[in-house]
Every structure is written in C-alpha cells, then in structure tokens.
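Asks: Below is the structure, and that's it, no one-letter string:
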C-alpha cells in the first residue's frame, strides 16, 4: 500500500524547509525466485531477485507551483533482497528532478532511462526481467557504451499527455566529464484503443571514432482474448551490426496471465558472424491480489558456434565456461512478487 507523507516531515528532516502543499510517496517492489539454470554443462540452483519485476525502493513527489506548473522529483534505488545488499540506496535506477506543465509537457534532469530503451521493454511481454526477457540477446557490440537502458547527466523533454494518442520524448546526456557515453536520442509513438506503435533511436559517443547507434520499432495489438507484441531492434557500431527480432503474446487465463515469446539475434561483421542466437520462453503469473503474485517460467537459449549468451543466470554466468560456446542456456524459476 502506498504511503503518502507530508513533505514538511521529510524535507524538514534534511533541509529545515518545506511546503505544506507538497507530498512524498514511498513505494517499492520486492521480488524473489528460486532459479535452476544450466549453461552448457554447468548447472546450479540459486535465489534471484528481479524475475517478474525489478526490486526497488522509491520516493517521488510533486509540488504545485500554480498556473498549471509543478515541480517534481523521482528517486529510485535497486534492492537485492536475497542478501540485503547494503549498497542498494544509491538511486541508480533513476534520480531526476522535473518541471512539469500540464499543457507543455515535462523537462527532466538527472539519471534517467533513455528514449531508445523503452521499446525494448514495452513491446516485450517479459519487459526487462527474468529468464525470458529479450534483453538476454542484446549487446553493445563491445563498444563500451553503457547507455542501452539509462544515461547520466541527462536533460530530457517529454510530451504532454493531451495530444490524442501521440506521445514522445527526446533526451541529451552529457556523459561522464568527456565525450565517452555522451548520448542523444528520441522516441515517438501513437496509442489508440487496442493499438500501440512506436519508433526509437539513440546515438552514444564512445572512446573509439565510431558511435554506438540503436534503432528500434515496436507494436502491440490487444484484441481481448490475447495481446500480441512485435519488436525489431538494430544496434550498430562501426562495421558491426546486430539485428534483433521478437514476437510475444500475453493471454489472460483465470486469475492470472500466460506469456510466451520467441526471439532471435543475427550478428553481422567479420568478428561476430558466428555469434547468432535464439530464445523461446513460457511463463504463468497467478495474481493473488492487486499487489501480490506467484509466477513460474521456463526459457531456453540456443547459441551458434561463436556465441556464449545466457538467460539471466546470476552467479553462474558465462565467464570461463567453454561448454556454453555454441551450446544452450536453459532453466526454470518459481517466485513471488509483492508491491507496496
């Protein structure tokens, strides 16, 4: 259950200044599963977080400035509840401050998700979590770019939600004191009734002369009995190119939801021509309430000769595992997620 506190109590503890018109919402997700994974001939069972939704603890608030203008903040920290990782409260998931206009949109500053990432989440039935996520197959092509999901030192603009189904955002990130991981990107889409379609594009400057580029397009169609998702993503760095394709489906089933997906990646370039892979996955989610769910799933990833990709496999990973090269990564999990 979300708990709303007067900002006078929160901000006063830190700065001694507050406005009674502001409020702070504390919220979060706790997700934990038991996973049995086999990478090549290496097998293990372990507890893992973030298999249905990402663990997090968040604080967000808005102050009404009058005239349709408000100021807001969003602080979101990761958590590792299987071991109580004490480094969680560093707000690396998101740390932003915003100026928001009801008619003009939002200007946002800080560490944030980048525009070219959202299609990879919204048009994959697994989102960015668990053993079945399409992100298991997507790489930065060895470019060193760290901007597939988030950027630091960013300035972003988000369109208002009153444009008749049209949505979009643009972002520019300064990088880390130099041109490395400097980013610019945008995303635009249209959602009306059962249809949603969007295009994303992003460019990251790296330490080499080549820029890391990402382009994607996704769509979904909800026809009642099921919801279909389609996604294409291309990553490019110099002469290297990675083409990703995915189709997935979500079907309401009783008090829960059944998910299935198939994805493949086709790598192009002298050093990566043999690094293709494909993956299929199944999952069922049983909703015990609006905030608590049980889930279980299975995924299998098949590598070609030069690839050693894995389904999300925690400490097993792929480092030093020669049997995974050209082999399979597969496994299942069962878990519980609670949001508050």
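Replies: Right, received. Where do you want to start? Fair warning: this is a prediction, and the values are worked out from it, not measured in the lab. Residues are numbered from 1 along each chain as shown.

Asks: Can you pull out the low-pLDDT segments for the stretch 101-250 of the chain?
Replies: 177-178 (pLDDT under 70).

Asks: any idea where the strands of the stretch 51-200 of the chain begin and end?
Replies: 56-66, 69-78, 94-101, 105-113, 150-158, 166-173, 183-192, 195-205 (DSSP state E, counting those that start in this stretch).

Asks: quick one: strands adjacent to the fourth one?
Replies: I take that to be strand 105-113. Strand pairing for strand 105-113, determined by DSSP bridges: strand 94-101 (antiparallel), strand 150-158 (antiparallel).

Asks: Among these, which comes closest to residue 44?
Replies: Closest to residue 44 of those is strand 150-158 (C-beta to C-beta; 29.0 Å). C-beta here means a position set from N, CA and C on the backbone, and glycine is covered the same way.

Asks: in the closest one, what's buried?
Replies: By neighbour count with 16 or more other C-beta atoms under 10 Å, strand 150-158 contains the buried residues 150-158.

Asks: Of those residues, which is the nearest to residue 264?
Replies: residue 150 (25.7 Å).

Asks: Identify the residues contacting that closest one.
Replies: Listed by C-beta atoms under 8 Å, 6 or more residues apart in numbering, the contact set of residue 150 reads 92-94, 111-114, 117.

Asks: give me the beta-bridge partners of it?
Replies: Going by DSSP bridges, residue 150 forms beta bridges with residue 113.

Asks: quick one on the thing from earlier: any chance of a markdown table for the strands of the stretch 51-200 of the chain, columns distance to residue 257?
Replies: Output for the strands of the stretch 51-200 of the chain, formatted as a markdown table (distance: least, C-beta to C-beta, whole Å):
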| stretch | distance to residue 257 |
| --- | --- |
| strand 56-66 | 21 |
| strand 69-78 | 25 |
| strand 94-101 | 26 |
| strand 105-113 | 24 |
| strand 150-158 | 28 |
| strand 166-173 | 25 |
| strand 183-192 | 20 |
| strand 195-205 | 18 |
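
Asks: closest to residue 140 out of the ones you listed?
Replies: Residue 140 sits nearest to strand 195-205 of all those, at 8.5 Å, using C-beta to C-beta.

Asks: chain center to the longest strand belonging to the chain: distance?
Replies: In the chain, assigned by DSSP state E, the strand with the most residues is strand 23-39. Its chain's average C-alpha position is 13 Å from that of strand 23-39, according to C-alpha atoms, centre = their mean, to the nearest Å.

Asks: quick one: buried residues of the following helix or strand past it?
Replies: Tracing the chain C-terminally past strand 23-39 and defining elements by DSSP states H and E, one meets strand 42-49 next. For strand 42-49, the neighbour count (16+ other C-beta under 10 Å) marks 42, 48-49 as buried.

Asks: pLDDT of strand 42-49, averaged?
Replies: What strand 42-49 shows for mean pLDDT is 93.
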